[in-house]
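Colleague: no FASTA, just this:
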């Protein structure tokens with residue numbers, strides 16, 4: 001990597017934000033570069049330095065086509081990622097999230113997990129939790145209930161970072177959804193615990209309607 005120019009190193013560092021696999025479309029936004037010119041530069045990087053290679057193309061919801069690239073080894077991606085300052089990484093993650101949000105408008109469910117990750121690392125916790133809920137709902141609809149539990153659990157881990165005005169509301173939603181996912185897995189004790197926690201939040205918030213839902217859930221799994 002010592003033979004890379006500053007521009008080449010920056011391109012690869014910014015590419016590392018998206019992950020081991022990245023796209024020309026997102027990277028072009030981060031670099032504020034023309035996408036065709038960027039692909040030509042990436043082609044040189046792939047053939048000369050063998051740090052990345054093209055894997056194919058993906059048609060995006062708006063009809064445009066993005067070229068998909070992969071780092072030839074995860075160590076390269078990790079090394080380049082670690083070289084970025086933490087504040088720069090957070091800014092770039094947020095920009096990746098905003099770009100994916102725009103590019104996949106109307107089809108966010110396809111990339112909800114990635115959106116959640118980028119907004120979490122970009123410290124936009126409101127959006128991170130919203131997309132964790134969407135990712136969990138998608139997993140639940142596909143009967144991958146264990147994955148749904150993980151998404152909702154991650155959302156609950158982040159709730160403490162939300163403004164007080166919306167914290168209780170999101171806790172109630174996440175506890176209820178995780179209770180449903182755990183029930184689908186046959187985890188009755190865990191589901192009951194989630195409904196109990198949901199009820200506690202509702203009592204503190206004075207939310208009688210959702211408290212009734214929590215009590216009904218507790219009755220169902222008891």
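Modeller: On my side now, so go ahead. It should be emphasised that the depicted structure is a prediction, and the values quoted were computed from it without experimental measurement.

Colleague: How is this structure partitioned into domains?
Modeller: 1-84, 90-222 (automatic domain parsing).

Colleague: longest helix anywhere in the protein?
Modeller: The longest helix of the chain (DSSP state H) is helix 164-184.

Colleague: elements contacting the following helix or strand past that helix?
Modeller: As assigned by DSSP states H and E, the chain's next helix or strand after helix 164-184 is helix 188-205. Secondary structure elements in contact with helix 188-205, counted by 3 or more Cβ pairs under 8 Å, 6 or more residues apart in numbering; DSSP states H and E, are helix 164-184, helix 208-221. For the C-beta atoms, the positions are set from N, CA and C on the backbone; glycine is no exception.

Colleague: Give me the residues contacting helix 188-205.
Modeller: Contact partners of helix 188-205, identified using Cβ atoms under 8 Å, 6 or more residues apart in numbering, comprise 168-169, 171-172, 175-176, 178-180, 182-183, 207-208, 210-211, 213-215, 217-218, 221-222.

Colleague: Likewise for stretch 138-158?
Modeller: Identification of contacts with stretch 138-158 by Cβ under 8 Å, 6+ apart yields 109, 112-113, 116, 120, 125, 128-129, 132-133, 135-137, 170-171, 174-175, 177-178, 180-182, 184-185.

Colleague: how many degrees apart are the helix or strand where residue 146 lies and helix 188-205 in direction?
Modeller: If you go by DSSP H and E, residue 146 is part of helix 145-158. Here the directions of helix 145-158 and helix 188-205 differ by 30 degrees (axes from the mean of the first three to the mean of the last three Cα atoms, to 10 degrees).

Colleague: Low-confidence ranges, the chain, go.
Modeller: Where the chain drops to pLDDT under 70, the residues are 1-2.

Colleague: what about the nearest residue to residue 151 once chain neighbours are set aside, helix or strand, and which?
Modeller: Closest residue in space to residue 151, ignoring its immediate chain neighbours: residue 136 at 3.5 Å, by Cβ to Cβ, 6 or more residues apart in numbering. Residue 136 belongs to helix 125-141 when assigned by DSSP H and E.

Colleague: For residue 14, see how far away residue 148 is.
Modeller: The gap separating residue 148 from residue 14 is 32 Å, by Cβ to Cβ, to the nearest Å.

Colleague: Report the buried residues of stretch 72-80.
Modeller: 76-77, 80 (16 or more other Cβ atoms under 10 Å).

Colleague: burial measure for residue 66, as a count.
Modeller: Residues near residue 66, counting by other Cβ atoms under 10 Å, number 20.

Colleague: re earlier: now render the helices and strands packed on helix 188-205 as a markdown table, adding mean neighbour count.
Modeller: Output for these, formatted as a markdown table (neighbours: other Cβ atoms under 10 Å):
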| stretch | mean neighbour count |
| --- | --- |
| helix 164-184 | 20 |
| helix 208-221 | 15 |
